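# Provide a 3D model corresponding to the input given below.
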Amino acid sequence: MQTETQKGYLEQPELHIKAPHRAALLTYPGNLREALRQAVEDPKKTLFGVAHGIPSVFVTKVLASTKPDFVWIDVEHGIFDRSTLYDAVHAAQHHSEGKSMVIVRVPKHDEVSLTTALDAGAAGIVIPHTESAQEVRDFIKEMYYPPIGARSFSPWTFTPKISDDSLYPNDPFNITTSNRHICLIPQIESVKGVENVEEIAAVEGVSALMFGPGDFMLDAGLPLKFGGDEDPILAAAKDKFAAAGKKYGRALLGAAQAPQHISELLQKGYAAICVAFDVWGLANLVHSGLKHGRELAEQAGEAPANGKANGLNGATH
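I've put the predicted structure just below:
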C-alpha cells in the first residue's frame, strides 16, 4: 500500500533542471548572448561545455544527458551531413532539458551548413579563419534577420498558432528570439587574423572570439604540438587575442586540451571553455583500458597463479 502521496512533476521543483537561458521552444536558440555577458562579468558563471566531432545523434544525446552549459559542434572538420546536424542541434537542447546551448563551427563558405545550423536553433556560430572586419560584417548579414541582417526565415521550424511560443511579445516566427540570442563568434587562427584582431573585435555584433592554436602554428611556421613549453610567438599571439577581447568587452571561447589548462584559461578571462572532447575522450578511455589490461596480463604471466603454469599443472582434459 502506498504510504506517501504521489506528487506530479510540477509539484516537485527539485526535479526541474535549471535552464535560465533556454528559449520558449527547444527548437529555437538559447540566450547565449546573455549567458556570455554574465560570464564576462562574473567568473563564477563561466560556461563549461563539450566539443562534439562524432557525427552521431546518439552521441549527441549522451553528451547532452550530462547537461553541459554548451555543446560545440564542429561541422568544419566533423563529418555532419545536413540531416544529422539539424537533429543533433535539437537533440542537444532536448536531452539537456534546455540546459545546453549549441555552438556550431561551420565551414567558412558553406551557406548550407550555416542555414541548417541556424534553422535548427543553434545559439552560436563560429566563423573559422576570420582575418578581417569586413568578413565579419558579411556574416552578420547572413546570420541575422532584418533589420540587422538579411537572413531568410524558415516556414518549417514550427507550426504557426500551434508551436510558436516566444519569450518576447509580438514575435512572429521567433524573429526577435533569434536576433537577441544568437552569437557571432569569429575564430582567429592565422598571422593575419592576429594582426587584425582588434578591428575584428571592434565590429558591432561580435559577441565572442575564439582562438585556433593549431592553424595559427601552421600558418606561422611553428611545429604543431600541444603541451610542453609554448613557443614565444604563439604565446604573444594568444596574449594579443585576449587583450583585444578584453578591450572591447568580447567573451573568449576556448578549449582546454588537458584539465590543467582550465585554470590557465580562467586566469586569461575566458568566459566559455570546452573541457571535454568526444573523440579524444573515447580514444583515451579505450587506450587506458587496453593499456591497463595488458599490464595486468604481463604481471599475471610473470607470476602464474599457485605457481602452476596456465593453472592446469600439465593435466589434459
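# can we go C-alpha only for contacts and neighbour counts from here?
Noted.
# all strands for the stretch 201-317 of the chain, in order.
Taking DSSP state E, counting those that start in this stretch as the test, the strands found in the stretch 201-317 of the chain are 208-211, 251-255, 272-277.
# so which of those gets nearest P147?
Across the strands of the stretch 201-317 of the chain, P147 has its closest neighbour in strand 208-211 (21.3 Å, Cα to Cα).
# Who does the closest one pair with, and is each partner parallel or antiparallel?
Here strand 208-211 has these sheet partners by DSSP bridges: strand 183-188 (parallel), strand 251-255 (parallel).
# re earlier: Throw the strands of the stretch 201-317 of the chain into a markdown table and include distance to L36, thanks.
Below are the strands of the stretch 201-317 of the chain laid out as a markdown table (distance: least, Cα to Cα, whole Å):
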| stretch | distance to L36 |
| --- | --- |
| strand 208-211 | 8 |
| strand 251-255 | 6 |
| strand 272-277 | 7 |
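# For the stretch 201-317 of the chain, which residues score under the pLDDT cut-off?
303-317 (pLDDT under 70).
# Mind listing what's buried along stretch 134-143?
Buried residues in stretch 134-143, counted by 16 or more other Cα atoms under 10 Å: 136-137, 139-140, 142-143.
# Now do it: distance to the chain's middle.
Relative to its chain's centre, stretch 134-143 lies at 21 Å (Cα atoms, centre = their mean, to the nearest Å).
# same check, this time on stretch 180-199
17 Å.
# Quick one: mean pLDDT over that stretch.
If you average the pLDDT over stretch 180-199, you get 98.
# Using CSV, list the CA coordinates for that stretch.
Presented in CSV, the C-alpha positions along stretch 180-199 are these (Å, rounded to 0.1, in the frame of the first residue of the first chain):
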residue,chain,number,x,y,z
ARG,A,180,18.6,38.6,-29.5
HIS,A,181,20.0,35.2,-28.6
ILE,A,182,22.4,34.2,-31.4
CYS,A,183,26.1,35.0,-31.1
LEU,A,184,28.5,35.5,-34.0
ILE,A,185,32.0,34.2,-32.9
PRO,A,186,34.9,34.9,-35.3
GLN,A,187,37.8,32.4,-34.9
ILE,A,188,41.3,33.9,-35.1
GLU,A,189,43.8,31.3,-36.4
SER,A,190,46.3,33.0,-38.7
VAL,A,191,49.1,35.5,-38.5
LYS,A,192,46.9,38.0,-40.5
GLY,A,193,44.0,37.3,-38.2
VAL,A,194,46.0,38.2,-35.1
GLU,A,195,47.3,41.3,-36.8
ASN,A,196,43.7,42.4,-37.4
VAL,A,197,42.2,41.1,-34.2
GLU,A,198,41.4,44.5,-32.7
GLU,A,199,39.5,45.7,-35.8
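# circling back to that earlier point, what would the strands paired with strand 208-211 look like in a markdown table with mean neighbour count and distance to H16?
What follows is the strands paired with strand 208-211, written out as a markdown table (neighbours: other Cα atoms under 10 Å; distance: least, Cα to Cα, whole Å):
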| stretch | mean neighbour count | distance to H16 |
| --- | --- | --- |
| strand 183-188 | 26 | 27 |
| strand 251-255 | 24 | 28 |
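# Out of these, which gets nearest to V57?
Using Cα to Cα, those put strand 251-255 closest to V57, at 22.1 Å.
# Can you list which of the buried residues of stretch 134-143 are found in helices?
Residues of the buried residues of stretch 134-143 located in helices (DSSP state H): 136-137, 139-140, 142-143.
# Could you export the residues you listed as TSV, including pLDDT?
TSV is the format used below for these (pLDDT from 0 to 100):
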residue	pLDDT
V136	97
R137	97
F139	96
I140	97
E142	95
M143	96
